[in-house]
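[1] Sequence isn't available, so here's the structure alone:
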């Protein structure tokens, strides 16, 4: 699907699913701003996109910071002429260890919520004025199938459930501005962060995927991009407020 001439921001776009999103958007003709705290990896992602003759830039951003997100939006508009697409992908995940809720510190809880739910809100708030100037836009929030209930990471699962609620509320508020807001809920995907959670053992993750998914294969970051490209395209102009599950049938299987 062509989105030639559009301008996109991908938070957490330096690696994993975020990088796959950034590359897919660029391949379809969009100029992409990668917003992340990982400078070295962000530079590599931008270099890979530019090597194909496509437009990309990097900005170091703490998505939990109001001033940083506002500066990100302004810098993107200054660099590329506007903003049409926002992908709220940045999240606390790899650094979080599973365990009972009593093991979660107040500091960890607050930081997880700051990045995983305040971040998407602040980024959305920052880009909306620019989308209104363009006559509309598309926002895609990254949630997770863990939002539907998963033991062991209460802060993470709670934050991802909140993203679904925020998606619906923002879609209701912004629909008359022709700004669509949807969410993608991935299953376990073979990213650097998922590898860290699995103790570096992606073979075990693949075996678990084969045992618990209707489609018995390990999900790769690139497997998420088709859903994203639909949601940001004109082909989805009447889709808003929805959460699309991309998990090989794991949640459906129960």
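    Yes, it's here. Being a predicted model, the structure only gives us computed values, none of them experimental.
[2] Ranking helices and strands of this structure by mean pLDDT, which lands last?
    None of the helices or strands of the chain scores lower by mean pLDDT, DSSP states H and E than helix 192-197, at a mean of 60.
[3] just the strands in the chain please.
    7-11, 31-36, 56-60, 85-88, 137-142, 179-186, 243-246 (DSSP state E).
[4] In CSV: those, plus distance to residue 21, mean pLDDT and mean neighbour count.
    For every residue, glycine as well, the C-beta is placed using N, CA and C. Shown next, in CSV, are these (distance: least, C-beta to C-beta, whole Å; pLDDT from 0 to 100; neighbours: other C-beta atoms under 10 Å):
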stretch, distance to residue 21, mean pLDDT, mean neighbour count
strand 7-11, 5, 99, 30
strand 31-36, 9, 99, 28
strand 56-60, 12, 99, 20
strand 85-88, 5, 99, 29
strand 137-142, 8, 98, 26
strand 179-186, 9, 97, 24
strand 243-246, 12, 94, 18
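[5] For residue 214, find the nearest of those strands.
    strand 243-246 (11.9 Å; C-beta to C-beta).
[6] residue contacts, residue 127?
    9, 73, 83, 86, 137, 139 (C-beta atoms under 8 Å, 6 or more residues apart in numbering).
[7] out of the residues you listed, which one sits closest to residue 234?
    Using C-beta to C-beta, these come closest to residue 234 at residue 137, 11.9 Å.
[8] May I have the residues that are in contact with the closest residue to that closest one other than its chain neighbours?
    Using C-beta to C-beta, 6 or more residues apart in numbering and skipping residues adjacent in sequence, the residue nearest residue 137 is residue 131, 3.3 Å away. Going by C-beta under 8 Å, 6+ apart, residue 131 touches 83, 84, 86, 137, 177, 179.
[9] how about those in a markdown table, adding distance to residue 171?
    Shown next, in a markdown table, are the contacts of residue 131 (distance: C-beta to C-beta, whole Å):
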| residue | distance to residue 171 |
| --- | --- |
| 83 | 18 |
| 84 | 17 |
| 86 | 13 |
| 137 | 12 |
| 177 | 11 |
| 179 | 8 |
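[10] any low-confidence regions in the stretch 1-150 of the chain?
    For the stretch 1-150 of the chain, the stretches flagged by pLDDT under 70 are 1, 94-96.
[11] all helices in it, in order from the N-terminus.
    Taking DSSP state H, counting those that start in this stretch, the helices of the stretch 1-150 of the chain run over residues 16-27, 39-50, 66-80, 106-113, 119-134.
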